[in-house]
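Coordinates only, no sequence provided:
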């Protein structure tokens, strides 16, 4: 101890203060009421409305589109408020198809304010090799109950980050997040200009044409240009060909943010075109497109693994281990789902980390562009099964 | 029926440390976590090409050399000190006030000597009193070390020793920071600069215990501070890895909804999905308000717990803004790692302003690249702001106005940061995320999104909490770890609370085995 002597008031008072600490605290507790404690709090209730673990919904209405697509209006099946969201977010839909349990993300096509009135709308288009889309289109009827996640994803307009003008590049059913955004702008939930370049093969493939035309007509903050690859003759409001850098430049103001949502083939083309524009990375946002169905097409996938099938040993909490087959070209998540093992998943694109799982042994291929793992997860042997492909027998703990 | 030696509820810092130290002693331990990650607040998340630290500003109690600092010793005991890559924080802090008429701007270094010298530069004549203050800090550190060596056994012998050889501690223990600084005749301007760390404890310097505050400041200045390069998620992952390597089992995505009491003893837990797990010893990382409010059958809740919970005030609620910037810190003119930007240097006034969204301009800012230049891709930087609310300021924020509310707050924080530093960052924002009390409530289920446990108000400060610790456990086989406990919140405190809870439980196990 130093030879320093510190006195605050006086030796005596300081000692008394020290001696009284326990009696004072004891008295404070003693005089408090023994009322029951709250079971919940306003902030926690709001958090729960914004981010419910699960939302049980029911199909309220179905409308058919001309191109093997349907829109489903969903309402709560448990008389709860629907989670509010930001235009551009998606719902992860839980499905049971035969023995398989799986999830699929669908962008919410309706506006945020419609959720406050108790409705979401999602649009499902039949994909050529689609397992889930076909099931939904053939099986969902008015009254069907479906379980979905809270709204997820980061593909939304953020005024603190984005330019005032958003150029939306949409392909096919990739129009849905932009329809939501256009309505949000029209309803003044969002304050932005939207210039929509909507690419389709032909007029028949255009989804929500009437709605989009009406929005553009009513609101000068919204502009829609249809870009048709099969267009024969010039037509007002239409462009012929693909959405390339020249077309973007034709409609772009000086400053803009590019938002892109569509099929993978469109992304590959768009990426090259955007490079030509030379705009900062912060002004370009791609919606996730899901991990590849066939990993053999991914750059860097080892050729000798093509066609191989491995064993995947799975341990889910507390349960015994099970062994399932897993093809090298399909994601570990797909193998789990096919085997009917229910595991958490949402974005299915390597990004959100919801499916994070420990790889106990074995080797997997993780494509660089969909490796959304945290630094420490990579170091401590965790994988995102939705974007991991087995290269040997593996063991995982879910 | 599977029975464990111990169950730990919640994998926050407290729960992780508790679980790891139990498993290290060979106890069959089950750790249950509602989220899909370990860490609680000690985690990270990715947006675009940035990985953001979720909560840690700087970790104290981790010296430069082996055996130095309590946190380092803990990691050494678990065998993970060298499994985590650390980056040193370059300077203690820079304090800036937004009051243009009376602007304070002081950049303070680590190292007690250097700190005192710098203070003398800013406040000539402060040196003698500052020297006295840090000499006192050394005395107090010796006393707290002695307290630590007692491991909760306050014998008559120990009390005698304290009253004989630890009188500076005894004489200052009953006072607030400002009481003691006044007694030491620290000049007003020096007090203002010295008090800057106050928001780490969430209570103003008229109220918060001098012992608590000086212990924290001394630890920061003496040992410096570090941050794990893989973010706090790297730390949480390393502790979890140690836990599993000792044979522990973890269940993620598993929400404990009930703690079951049989004949007055905690015996098992029930998960939301109905799964039950059994153990005679349960350590809980959740808030006592949740445990006694909804997790334990009301007929089993001891009256003392209700009174104690009702007597307390919740600690601060948090809000953070995370920015991924597409320019370097040099290009933007962000020179320091840690900033405290306040409306006023008067902590009491500031505490009052922090009760409402509209009046709170506090921001503790961190530029991660100043500690770890490679924490983000080349040509970019990471900046995050945190503020605290000293009341339930988000109570009336509805789901409908939630996004707009948090955007408006972030907007004002950006404006204030730009104004305080005289720089522009807005056009460089490539990624932004905003975490609010709702976010903390969502991920950790703390009441009102509280991040600081129970407020360290004068009567409920760290000293009386420690002195009463031994008499406050009301349910055999059950105890708490984490930020609501004796050592209060913060990384080093919660980690220590977990280790201590494990030691006490091991002690109980030993005693019960003898019976």
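Yep, that arrived. Since the structure is predicted, the reported quantities are computational estimates derived from the model, not experimental observations. Numbers count the residues shown, from 1 in each chain, chains lettered A, B, ... in the order given.

For residue A:193, give me its contacts.
Residue A:193 makes contact with A:164-166, A:185, A:221-223, A:253 under the criterion Cβ atoms under 8 Å, 6 or more residues apart in numbering or on different chains. Using the backbone N, CA and C atoms, a C-beta is placed for each residue, glycine as well.

What of residue A:355?
A:333, A:343-346, A:384-386.

Got phi/psi on it?
phi -90, psi 0 (degrees, to the nearest 10).

I figured residue A:350 hits residue A:292, correct?
No - shown here, residue A:350 and residue A:292 do not form a contact pair, counting by Cβ atoms under 8 Å, at 10.5 Å.

Among those two, which residue is more densely surrounded?
residue A:350 (24 against 19; other Cβ atoms under 10 Å in any protein chain shown).

three-state assignment of that one?
coil (DSSP: H, G, I helix; E, B strand; the rest coil).

tell me the pLDDT at the residue in chain B that chain A sits nearest to?
Closest to chain A within chain B is residue B:174: 2.8 Å, counting by Cβ to the nearest Cβ. Note on residue B:174: pLDDT of 96.

What number of neighbouring residues does it come out with?
26.

Am I right that it is in contact with residue A:18?
Yes - the pair residue B:174 and residue A:18 passes the contact test of Cβ under 8 Å, sitting 5.0 Å apart.

And the closest residue in space to residue A:85 that isn't next to it in sequence, how far from chain B?
Of all residues not flanking residue A:85 in the chain, residue A:151 sits nearest, at 3.4 Å (Cβ to Cβ, 6 or more residues apart in numbering or on different chains). As judged by Cβ to the nearest Cβ, to the nearest Å, residue A:151 and chain B stand 11 Å apart.

List the residues that contact residue A:151.
So residue A:151 contacts A:83-86, A:89-91, A:108 (Cβ under 8 Å, 6+ apart).

Quick one: residues in contact with the worst-scoring helix or strand of chain A on mean pLDDT.
Every helix and strand of chain A was ranked by mean pLDDT, DSSP states H and E. The lowest is helix A:264-277, at a mean of 91. Residues from elsewhere that reach helix A:264-277, judged by Cβ under 8 Å, 6+ apart: A:169, A:171, A:174, A:199, A:242-245, A:248-249, A:258, A:260, A:262, A:284, A:286, A:289.

Next, the buried residues of that helix.
A:266-267, A:269-270, A:273-274 (16 or more other Cβ atoms under 10 Å in any protein chain shown).

Give me the residue at the spatial middle of chain A.
By Cα atoms, centre = their mean, chain A has its centre lying nearest to residue A:153, at 3.3 Å.

which residues in the stretch 51-200 of chain A form helices?
Taking DSSP state H, counting those that start in this stretch as the criterion, the stretch 51-200 of chain A contains helices spanning A:112-116, A:132-139, A:176-186.

Look up the closest residue to residue 109, ignoring the ones flanking it.
I'll assume chain A. Among residues not flanking residue A:109 along the chain, residue A:176 sits closest, at 3.9 Å (Cβ to Cβ, 6+ apart).

To clarify, I was referring to chain B.
residue B:91 (5.2 Å).

what's the neighbour count on the one you found?
Neighbour number of residue B:91 under other Cβ under 10 Å is 20.

Residues touching stretch A:286-303, excluding its own?
A:88, A:105, A:107, A:129, A:153, A:155, A:174, A:177, A:259-261, A:263-264, A:267, A:306, A:328-331, A:347-351, A:365, A:367-368, A:370, A:386-387, A:389, A:391.

let's go with 6 Å and repeat that
Contacts to stretch A:286-303, defined as Cβ atoms under 6 Å, 6 or more residues apart in numbering or on different chains, come from residues A:155, A:260-261, A:264, A:306, A:329, A:331, A:347-349, A:351, A:365, A:367, A:370, A:386-387, A:389.
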